[in-house]
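K.L.:
could you look at this predicted model? Sequence included:
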Amino acid sequence: MKNVFIIANWKMQLDDAASEALAQEVVRRWAGQGATRSDVTVVLCPSHVALERVHPVVKGTAVWLGAQDCFWEDKGAYTGEVSPVTLKQLGCEWCIVGHSERRGFLNETDEMVNRKVAALMRSGINPIVCVGETREERTAGRRDAVVIGQVRAALANIRPVGTQRIVIAYEPRWVIGTGQAVAPEDAASMHNLIIQTLFDLYPNDIVERQFSVIYGGSVDSTNLAGFLSFDVIHGALVGGAALKADEFVRLAEIAADSIKP
Ligand code: PGA
């Protein structure tokens, strides 16, 4: 059966009080339905400073907590960085790495992303690995090579064990925050290539049990069903449309409706 992820990336948009209030509203609207829908995983990723306030709100509900980034070492002289061990203590089950805003504004490299994935796995946190091409790379016909290169680099020497999950979020960088998603067929063709790459890297049962590939980039309640109508698209990483509880929970409901019993 298809499992679908609806993941909110709140970026640096909300202070801790607003994060707590939005989490309360999401839990209030989704907890009842969520309790009966283990095939839909809803994750909220507040900023690091809001994690401590959001955790008690989601704890024990059908909503999971994630972080937006981490460092690749557990402890040490790394000014300003946050350890995955601390994120785990704060209740994070998930963590985004390699988001295009970090690759773009902070020069995060594939090697850094790979080290972060390894650190998260050590701490028992499931990584959400963002990959995606720039507009220039796409125009130059390099979409597939760039994205597959990012996937391979992020997963170098990584092997999920036990019940660990890895989500790959395909986010064409040039549509993030624009209100103009790519066509679902376009995303699906990239998803197929990513899944093929995963089958090249891992045994089939590991790919099927432990990996999911989701789409991100201007997802909202008007276009999500189109993406989820493709079998290879297992959810969405959502920015702007995750900042209002009714719209975000609507996405979780659309995800639930999209899964054929
Ligand atoms: P968007 O952001 O939904 O606002 O395009 C998605 C993301 O950056 O993950």
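P.N.:
Arrived safely.
K.L.:
the residue in the stretch 151-261 of the chain that the ligand sits nearest to: what's it in contact with?
P.N.:
For the stretch 151-261 of the chain, the residue closest to the ligand is G239, as judged by CB to the nearest ligand atom, at 2.3 Å. For every residue, glycine as well, the C-beta is placed using N, CA and C. By CB atoms under 8 Å, 6 or more residues apart in numbering, G239 lies in contact with 9, 11, 176-177, 216.
K.L.:
what's the separation between the residue lying farthest from the centre of the chain and M121?
P.N.:
Centroid-distance maximum for the chain: A77 at 28.3 Å, with CA atoms, centre = their mean. Note on A77: its distance to M121, by CB to CB, to the nearest Å, is 23 Å.
K.L.:
and if you look at Q150?
P.N.:
Look at Q150 and M121: by CB to CB, they are 18 Å apart.
K.L.:
who has more neighbours, these two?
P.N.:
Q150 (23 against 18; other CB atoms under 10 Å).
K.L.:
for that one, which non-adjacent residue is closest in space?
P.N.:
V131 (4.0 Å; CB to CB, 6 or more residues apart in numbering).
K.L.:
and if you look at V58?
P.N.:
Excluding the flanking residues, the one nearest V58 by CB to CB, 6+ apart is L65, at 5.4 Å.
K.L.:
got a list of contacts for the helix or strand containing that neighbour?
P.N.:
Counting by DSSP states H and E, the element that carries L65 is strand 63-67. When contacts are defined by CB under 8 Å, 6+ apart, strand 63-67 is touched by residues 7, 23, 26-27, 30-31, 34, 41-46, 48, 51, 54-55, 58, 82, 87, 90-96, 125, 128.
K.L.:
which ones among those residues are found in helices?
P.N.:
Within the contacts of strand 63-67, residues falling in helices by DSSP state H are 23, 26-27, 30-31, 34, 51, 54-55, 58, 87.
K.L.:
can you list the low-confidence ranges for the stretch 51-200 of the chain?
P.N.:
Low-confidence segments of the stretch 51-200 of the chain (pLDDT under 70): none present.
K.L.:
residues from it in reach of the ligand?
P.N.:
171, 176-177 (CB under 6 Å from any ligand atom).
K.L.:
save those as CSV, and put in neighbour count and secondary structure too.
P.N.:
Output for these, formatted as CSV (neighbours: other CB atoms under 10 Å; DSSP: H, G, I helix; E, B strand; the rest coil):
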residue, neighbour count, secondary structure
E171, 27, coil
I176, 21, coil
G177, 13, coil
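K.L.:
from those residues, pick the one nearest E253.
P.N.:
Nearest to E253 out of these is E171 (CB to CB; 22.5 Å).
K.L.:
what about the residue farthest from the centre of the chain, distance to N114?
P.N.:
For A77, the distance to N114 - CB to CB - is 22 Å.
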